[in-house]
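In: Show me how the following folds:
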Amino acid sequence: MSAPGFYIQAAKILDKLALKKTTIKAVTLANDVKEKKKMYAIINETLKYKPIIVEIIEKSQLLKNERKLSKSLAIILVYDLLFGHAKNFKNAPAFQKIMNKNKARLNAELVKIKIKHNAINNEDLLPEEIKNPFVLPRYVRVNLLKSTVDEVVEYFQKNDGFKLLPPAEGKELAHFKPKTFRKDFHLKDLLVFPSNSDFHDHPLYLNGTLILQDKASCFPAHVLGAPPGSVVIDGCAAPGNKTSHVASLMGNEGKIFAFDLDKRRLGLLKRLTSKAGCTCIEPINENFLETDPNDPKYAKVEYILLDPSCSGSGIVSRLDQILNQKSQEEDENETILDIKDTSNKLVQERLKSLSDFQLSTIQHAFKFPAVKRISYSTCSIHQIENEDVVRRALESTNEFRLSSHCIPQWKRRGLKGSVKNAEYVARTLPEEDYVIGFFVSCFERINPNENKNGNTDNNDISNEEIVNTVSDNKEEEKSGEGNIEKNDSIESNEITNHNSNDNTNKNDNDDDDDNNNNNRIGIIKTTGIIKKNNKRNNNKKKNKNKNINN
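Out: Have a look, this model is predicted:
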């Protein structure tokens, strides 16, 4: 793309973001954006300085003097002139001429602002929450369809020079030294790295061995506990991180029906799950709520994963902070809806609408005749979307109850008094748990054959057994095999830092879509065991194309 075209497209992206109906990641990684890495960087950095840039433009009267410039285009050009590198100006002579003509006036206004705020450099003008945002560790899930945790650990130690530290939780994760990492304290298929770790170009990420996914977002698949051989429906599955996680824990044994109404997002799911080596997923471009529970196709569904649309109020994102910055003009003329402000009537109405929808997804899942377990999760901090929805769902049925097997090793439980057996649901608090704000619960069908002591003949295996057994099988399959080869090709839709000075935390980019999907719902079934015969093992060895280098 030509430099003028790049600036014009960047200006259009700012206009889209101003409507607050999309995310930075989604709009900069769209198919029509050719220079995705560069576009992500300039949009991210421009938004950081936008309130200051708007003030400079107003006081310098740039738009009055250059009437051909739109406001968004002016913001992009002023950023590149005063705060960026202006490298593209030489290839955009018309824009270069305009900016050079106004350069002295624009610089003078920037100096005035610095003097007013006692700022020595440009970064001193940024709010503290932008300069030093609360950041989460980098969580990396090991795709058990491609490798084992121990093999990946060995790879990082031998090939990348990382040092393995003991597992830790909570605030112990606040400070990571460079080139160190840990096995997660709670989830055995998860690794934890320093927050500024970037794996978008790492060979194990490029070949699907590593999945960049927040820890809390990994809870649902473990809570569901769908063993290999199960039949699964992920009701609104795109972009597919949770779907591929279930497939990973199932060892690709069974079936997952992945529903999504958005064809584009379903296409993304197909690409990502294919990269992850998932062969048990059938994408379906339909609405889960309109699925007939009595359809013979879904007669064997026993496990249902529900992660429906929510407020996203638990998401911790530096980009959210950037987007929510307001210039003086915007502060006076605009009202930005803060989804965390439950005193706002508009927020209350929005949360009520969401919670009604969330309840409908659970009640629809209850209708599947063979379903045994239903996980329900949100990336919300609001009781109305979490415990209240669970309570209302339980009040509507006498066939299901809360399962006590909901990440029992996790200390933070449901809000006391909000629902019966609140200790059976799990919550997260970003500032203390160092994960995104999240809620997860699990419904289980009441066994009519249960005895008076509450005991049942239950052959389901535990989440830990699933992870351990899949890992053990991987070790057996891997013995005598080759090594993971480095893949030098980079997917066009991935992003990396613009330069060595761009320390943007990429945690915002990996699971945002997975947690902010406006049509979320899901179901998953899994039964059986992980034992494989020699013939099946031999076939899998032939299909495996990536192995870890010792």
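In: Break down the stretch 301-450 of the chain into its helices, ranges please.
Out: Remark: helices assigned in the stretch 301-450 of the chain by DSSP state H, counting those that start in this stretch are 318-323, 328-333, 345-366, 387-395, 430-433.
In: Go through the shortest one and flag the buried ones.
Out: Read that as helix 430-433. Residues P430, D433 are the ones in helix 430-433 that count as buried (16 or more other CB atoms under 10 Å). C-beta: built from backbone N, CA, C; applies to glycine.
In: didn't E399 look like it was pressed against R445?
Out: Yes: between E399 and R445 there is a contact under CB atoms under 8 Å: 6.0 Å.
In: quick one: which of these two has more around it?
Out: Remark: of E399 and R445, R445 carries more neighbours, 18 against 10, as counted by other CB atoms under 10 Å.
In: which ones are touching that one?
Out: R445 makes contact with V371, K372, R373, E399, F400 under the criterion CB atoms under 8 Å, 6 or more residues apart in numbering.
In: ok, now with 10 Å
Out: Applying CB atoms under 10 Å, 6 or more residues apart in numbering to R445 gives the contacts 302, 366, 368, 370-374, 397, 399-401, 403.
In: cool, and E432?
Out: E432 makes contacts with E169, G170, K171, K411, R412, as judged by CB under 10 Å, 6+ apart.
In: How about G414?
Out: The contact partners of G414, by CB under 10 Å, 6+ apart, come to 383, 386-387, 390-391, 402, 406, 421-427, 439-441.
In: Report the buried members of these.
Out: Among the contacts of G414, those classed as buried by 16+ other CB under 10 Å are 383, 386-387, 390-391, 402, 406, 421-422, 424-427, 439-441.
In: Can you measure across stretch 429-447, start residue to end residue?
Out: This stretch, stretch 429-447, spans 34 Å end to end (CA to CA, to the nearest Å).
In: Revised request: answer the last question for stretch 251-263.
Out: For stretch 251-263, the end-to-end distance is 27 Å (CA to CA).
In: Could I get the buried residue list for that stretch?
Out: By 16+ other CB under 10 Å, the buried positions in stretch 251-263 come out as G251, N252, E253, G254, K255, I256, F257, A258, F259, D260, L261.
In: Would you map out the domains in the chain?
Out: Recorded structural domains for the chain (assignment: automatic domain parsing) are 3-126, 219-464.
In: Tell me which of the ones you listed approaches V140 most closely.
Out: domain 219-464 (12.1 Å; CB to CB).
In: Could I get the average pLDDT for that closest one?
Out: Averaged over domain 219-464, pLDDT sits at 88.
In: One more: stretch 57-67?
Out: Across stretch 57-67, pLDDT averages out at 95.
In: okay, it in PDB with CA atoms only?
Out: Extracted in PDB, the C-alpha atoms of stretch 57-67 (Å, rounded to 0.1, in the frame of the first residue of the first chain):
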ATOM      1  CA  ILE A  57      -4.800  20.600  16.400                       C
ATOM      2  CA  GLU A  58      -7.400  22.900  17.900                       C
ATOM      3  CA  LYS A  59      -4.900  25.500  19.200                       C
ATOM      4  CA  SER A  60      -2.900  25.600  16.000                       C
ATOM      5  CA  GLN A  61      -6.100  25.800  13.900                       C
ATOM      6  CA  LEU A  62      -4.700  23.200  11.600                       C
ATOM      7  CA  LEU A  63      -8.200  22.100  10.300                       C
ATOM      8  CA  LYS A  64      -9.100  25.700   9.500                       C
ATOM      9  CA  ASN A  65      -5.900  26.200   7.600                       C
ATOM     10  CA  GLU A  66      -6.000  22.900   5.800                       C
ATOM     11  CA  ARG A  67      -9.600  22.300   4.900                       C
END
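In: Would you mind listing the buried residues in that stretch?
Out: Neighbour-count burial for stretch 57-67, counted by 16+ other CB under 10 Å, picks out I57, S60, L62, E66.
In: Return a PyMOL selection command for the buried portion of the contacts of E432.
Out: One line in PyMOL is enough to select the buried ones among the contacts of E432; burial here means 16+ other CB under 10 Å:
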select buried, resi 169
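In: between the contacts of E432, which is nearest P203?
Out: Of all the contacts of E432, P203 sits closest to E169, with 29.3 Å by CB to CB.
In: Model confidence for the nearest residue to the closest one once chain neighbours are set aside, exactly?
Out: Computed as CB to CB, 6 or more residues apart in numbering, the closest residue to E169 that is not its neighbour in sequence is F185, at 4.1 Å. Here, the pLDDT recorded for F185 equals 97.
In: swap in K12?
Out: For K12, the pLDDT comes out at 95.
In: That one: helix or strand, and which one exactly?
Out: Assigned by DSSP states H and E, K12 belongs to helix 3-18.
In: Show me what the helix or strand following that helix is packed against.
Out: Going down the chain from helix 3-18, the next helix or strand is helix 24-28, by DSSP H and E. Judged by 3 or more CB pairs under 10 Å, 6 or more residues apart in numbering; DSSP states H and E, the packing partners of helix 24-28 are helix 3-18, helix 36-60, helix 318-323, helix 507-510, helix 512-516.
In: and I211, which of the ones you listed is closest to it?
Out: I211 lies closest to helix 507-510 among these, at 8.4 Å (CB to CB).
In: Nearest to E128 among the contacts of E432?
Out: For the contacts of E432, the minimum distance to E128 (CB to CB) is 19.9 Å, reached by K171.
In: and that closest one, what does it touch?
Out: Applying CB under 10 Å, 6+ apart, we find K171 in contact with E431, E432, D433, Y434.
In: Could you double-check that the last one sits in contact with H186?
Out: No: Y434 is beyond contact range of H186, at 11.9 Å (criterion: CB atoms under 10 Å).
In: Stretch 227-238: how far from the chain's middle?
Out: Offset of stretch 227-238 from its chain centre (CA atoms, centre = their mean, to the nearest Å): 18 Å.
In: With stretch 265-274 instead?
Out: 15 Å.
In: Counting neighbours, show which residues of that stretch come out buried.
Out: For stretch 265-274, burial by neighbour count (16+ other CB under 10 Å) applies to R265, L266, G267, L268, L269, K270, L272, T273.
In: Tell me the secondary structure at the fourth one.
Out: In other words, L268. For L268, the secondary-structure state derived from DSSP: H, G, I helix; E, B strand; the rest coil is helix.
In: follow-up on the earlier one: any of the contacts of R445 buried? List them.
Out: Among the contacts of R445, the ones that count as buried by 16+ other CB under 10 Å are E302, F366, F368, V371, K372, R373, I374, F400, R401, S403.
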